[in-house]
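*Asks:* need the 3D shape of this:
(2 chains)
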2 protein chains.
Amino acid sequence: MINIGIFGWGNLGKAAVDNLSHFPDLQLKAIFTRRPQAVAASAPKGVCVADANDMPQWAGKIDVLLLCSGSATDLPEQTPAAVKLFNVVDSFDTHARIPEHFAAVDAAARASGHLGLISAGWDPGLFSLSRAYFNAFLPNGTDYTFWGKGVSQGHSDAIRRVAGVKRGVQYTVPRDEAVARVRSGEQPALSTREKHKRECYVVAQPNADLAEIEREIKNMPNYFADYDTTVHFISEEQFDREHGKMPHGGFVLRSGNNTPELQSLLELNIRLDSNPHFTSGVLLACARAVKRMYDDGKRGCVTLFDVPPAALYAQSPQEMRARLL
Amino acid sequence: MINIGIFGWGNLGKAAVDNLSHFPDLQLKAIFTRRPQAVAASAPKGVCVADANDMPQWAGKIDVLLLCSGSATDLPEQTPAAVKLFNVVDSFDTHARIPEHFAAVDAAARASGHLGLISAGWDPGLFSLSRAYFNAFLPNGTDYTFWGKGVSQGHSDAIRRVAGVKRGVQYTVPRDEAVARVRSGEQPALSTREKHKRECYVVAQPNADLAEIEREIKNMPNYFADYDTTVHFISEEQFDREHGKMPHGGFVLRSGNNTPELQSLLELNIRLDSNPHFTSGVLLACARAVKRMYDDGKRGCVTLFDVPPAALYAQSPQEMRARLL
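*Replies:* Numbers count the residues shown, from 1 in each chain, chains lettered A, B, ... in the order given. Just a heads-up that it's a prediction; the model follows:
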């Protein structure tokens, strides 16, 4: 059995606990949190909830710690700190800052003799793996990634910071026309606006200026200004009924040529009822791989690009070859 | 530079040469064949064509040999023999015999201190990788593989053995209804007949009994009897015009649940103008990985399940993380 810990009791940490029964070689030893009393009240029975400040006492009792916090401010601090005590897996997803995060985790892991796997999930994660294989096998081509239809937490947070907004959620939606052009093998150059549109569902505060909310959302730089954005005002009842889940999904496509006349089109396509639940499955499989690679002597920081697929899979290499090859 | 050799000058070997310019770190040292004079006449200028019997003289001059022969009778003999002299990559695709082939290559490779990677291509190969990641990340679910629309060499050969058939080609075609049911998330149990149908295009010999040809094809055990098969008789002109390529493709789908209420659907979907051309790209990337893993001390037999994705990719791990993660 591989002993795991979970740090962070948000959507991802809770989903990991929901998912754990499908990973029979992993057992949860403790949930670490900065709010142990509040979490103890909501955690499933029989699960040990520990104060994050007490983590050093758990060194040696946890094989792999899953870091289930956010990438914006938590993981850049928590992952390098945690890898001083444990082997770790995180889902750091701020693409532009991955080199810096990798370097910080690598230095801390080498100093303490641990192994850390960063940026696991679906993008980065399963999507990255697809891009890697597609590029390796079809070097002459063009990559496309489309996200959605699904809830973007960052954009939903941005909506909720607008004055007069009580509740809000944002769906990223790939444009059918753009996807169809790529699937046709055309290899088009696509602008940001041509690839995705953004749909917002907002519950306004009583007496709020709806036109002003809509204007402010649509013109928000970085988040919405470069997209065709639609804002729907709905009642709180409708919001609760229709927008309580966190579905997501998307496509990775690579369109390329083996010779000038002969094309190949490769596509990964995923549809998730719950983004955090699927992501937690990737983290749990990665915890298994980290334990195995650590036992083989691997130290420092790695990503899924460094992990042989066999290390992620529950059964033996023989069974894997017979069943899946 | 990685020095490669190619053994076998059929569709796959020729496609590997066509594809080589997209792998700038690989250079072709020699094509090995049992018919050196005939091949020398058709091989591209500047490529060295060598007698397969002279392979022992090339030991030490070739980093990785690509075996580009058939799985039915050639590779079970050739791969274990070749790995005594070189590191090798093959595309052995008789799924049921992979354990036996793996054992033979592993024993010969360990004895000679080489590394062999078997069963590379798209199925086994890219499809196997998708099944592996999908199963690792979503352990509670059902796998589906659909092939086509594409040319099956084995079934085309079977048609051509029927008396009265001059030319023949067989397309494996996934049934839209079956694919749609899987994509809906239903997880249906599907019979062989429900998953694929078979379409045959035949040029008959003059005065042949068309009804008898059709009856014989449709009732052929293993190949056609379990499927809904359509036989189209066409002219040789139409055959040459419309059926000269080797397109293929297909889908790998995994439909599963993270919790009883929350589903995930994962799909890889590929469309290839030329099956051998895409397959050769996988073999060439695998040659790169074999050289790197051999240099790292790896010996024996492996499959793509044992290869970290980074080993397949041309650029450095840093560039790979920055570009593809």
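
*Asks:* all helices of the stretch 201-325 of chain A, in order?
*Replies:* Taking DSSP state H, counting those that start in this stretch, the helices of the stretch 201-325 of chain A run over residues A:210-218, A:236-242, A:275-295, A:309-312, A:317-324.

*Asks:* need the ones you listed in CSV with distance to chain B and mean pLDDT, can you?
*Replies:* From N, CA and C alone the C-beta is placed, and that goes for glycine too. Formatted as CSV, the helices of the stretch 201-325 of chain A follow (distance: least, Cβ to the nearest Cβ, whole Å; pLDDT from 0 to 100):
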stretch, distance to chain B, mean pLDDT
helix A:210-218, 29, 97
helix A:236-242, 16, 96
helix A:275-295, 4, 98
helix A:309-312, 4, 98
helix A:317-324, 4, 95
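
*Asks:* can I get these in TSV including distance to B:Glu194 and mean neighbour count?
*Replies:* Shown next, in TSV, are the helices of the stretch 201-325 of chain A (distance: least, Cβ to Cβ, whole Å; neighbours: other Cβ atoms under 10 Å in any protein chain shown):
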stretch	distance to B:Glu194	mean neighbour count
helix A:210-218	48	16
helix A:236-242	35	12
helix A:275-295	28	25
helix A:309-312	30	24
helix A:317-324	22	17
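
*Asks:* for the residue nearest the centre of chain A, give me its contacts.
*Replies:* Residue closest to the average C-alpha location in chain A (Cα atoms, centre = their mean): A:Gly121, at 4.0 Å. Neighbour list for A:Gly121: A:Ser91, A:Asp93, A:Thr279, A:Val282, A:Leu283 [criterion: Cβ atoms under 8 Å, 6 or more residues apart in numbering or on different chains].

*Asks:* can you rerun that using 6 Å?
*Replies:* A:Ser91, A:Thr279, A:Val282 (Cβ atoms under 6 Å, 6 or more residues apart in numbering or on different chains).

*Asks:* what's the nearest residue to the second one if we skip its chain neighbours?
*Replies:* Distances taken as Cβ to Cβ, 6 or more residues apart in numbering or on different chains place A:Gly121 nearest to A:Thr279, at 4.4 Å, with adjacent residues excluded.

*Asks:* all strands for the stretch 51-200 of chain A, in order.
*Replies:* Secondary structure of the stretch 51-200 of chain A (DSSP state E, counting those that start in this stretch): strands located at A:64-67, A:87-89, A:115-117, A:141-147, A:150-151, A:165-174, A:196-204.

*Asks:* now the helices: where do they sit in the stretch 51-200 of chain A?
*Replies:* Using DSSP H, counting those that start in this stretch, helices in the stretch 51-200 of chain A cover A:74-82, A:98-112, A:126-137, A:153-160, A:176-183, A:192-195.

*Asks:* adding distance to B:Val202 and mean pLDDT, write these out as a markdown table.
*Replies:* What follows is these, written out as a markdown table (distance: least, Cβ to Cβ, whole Å; pLDDT from 0 to 100):
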| stretch | distance to B:Val202 | mean pLDDT |
| --- | --- | --- |
| helix A:74-82 | 61 | 96 |
| helix A:98-112 | 55 | 97 |
| helix A:126-137 | 34 | 98 |
| helix A:153-160 | 57 | 91 |
| helix A:176-183 | 32 | 96 |
| helix A:192-195 | 45 | 94 |
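
*Asks:* nearest to B:Gln318, out of those?
*Replies:* helix A:98-112 (7.2 Å; Cβ to Cβ).

*Asks:* buried sites along the closest one?
*Replies:* Across helix A:98-112, burial judged by 16 or more other Cβ atoms under 10 Å in any protein chain shown covers A:Ile98, A:His101, A:Phe102, A:Ala104, A:Val105, A:Asp106, A:Ala108, A:Ala109.

*Asks:* pretty sure the last one contacts A:Gly116?
*Replies:* The one in question is A:Ala109. Yes. Counting by Cβ atoms under 6 Å, A:Ala109 touches A:Gly116, with 4.7 Å between them.

*Asks:* over to the residue in chain A sticking out farthest from the centre: give its phi and psi.
*Replies:* For chain A, the residue at maximal distance from the C-alpha centroid (Cα atoms, centre = their mean) is A:Glu261, at 37.7 Å. A:Glu261 has phi and psi values of phi -90, psi -20 when expressed as degrees, to the nearest 10.

*Asks:* how much space between the nearest residue to it once chain neighbours are set aside and A:Ser130?
*Replies:* The shortest distance from A:Glu261 to any non-neighbouring residue, by Cβ to Cβ, 6+ apart, is to B:Asp273 (7.5 Å). Noted for B:Asp273: a distance of 20 Å to A:Ser130, by Cβ to Cβ, to the nearest Å.

*Asks:* more neighbours: those two, which one.
*Replies:* Remark: of B:Asp273 and A:Ser130, A:Ser130 carries more neighbours, 30 against 20, as counted by other Cβ atoms under 10 Å in any protein chain shown.

*Asks:* that older thread, looking at the helices of the stretch 51-200 of chain A, which one is packed in the most?
*Replies:* helix A:126-137 (a mean of 26; mean count of other Cβ atoms under 10 Å in any protein chain shown).

*Asks:* and the contacts of that helix?
*Replies:* Under Cβ under 6 Å, 6+ apart, the answer for helix A:126-137 is A:143, A:252, A:254, A:266, A:268, A:304-305, B:281-282, B:285, B:309, B:312-313, B:324-325.

*Asks:* what residues does the stretch 51-200 of chain A have near chain B?
*Replies:* A:Ile98, A:Ser119, A:Pro124, A:Ser128, A:Arg131, A:Ala132, A:Ala136, A:Phe137, A:Leu138, A:Pro139, A:Asn140 (Cβ under 6 Å from any Cβ of the partner chain).

*Asks:* sorry, back to before: switch the helices of the stretch 51-200 of chain A over to a markdown table; also include distance to A:Cys68.
*Replies:* Output for the helices of the stretch 51-200 of chain A, formatted as a markdown table (distance: least, Cβ to Cβ, whole Å):
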| stretch | distance to A:Cys68 |
| --- | --- |
| helix A:74-82 | 9 |
| helix A:98-112 | 16 |
| helix A:126-137 | 18 |
| helix A:153-160 | 13 |
| helix A:176-183 | 32 |
| helix A:192-195 | 30 |
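
*Asks:* so which of the residues of the stretch 51-200 of chain A next to chain B comes closest to A:Ala208?
*Replies:* Among these, and counting by Cβ to Cβ, the member closest to A:Ala208 is A:Pro124, at 37.2 Å.

*Asks:* tell me where the stretch 1-150 of chain A is predicted with low confidence.
*Replies:* Within the stretch 1-150 of chain A, no stretch falls below the threshold (pLDDT under 70).

*Asks:* so how far is stretch A:291-310 off the chain centroid?
*Replies:* Distance of stretch A:291-310 from its chain centroid, counting by Cα atoms, centre = their mean, to the nearest Å, is 19 Å.

*Asks:* hmm, I typed the wrong one, I wanted stretch A:9-29.
*Replies:* With Cα atoms, centre = their mean, you get 15 Å for stretch A:9-29.

*Asks:* and the contacts of it?
*Replies:* Under Cβ under 6 Å, 6+ apart, the answer for stretch A:9-29 is A:1-6, A:31, A:33, A:39, A:62, A:66, A:68, A:276-277, A:280-281, A:284, B:139-140, B:258-259.
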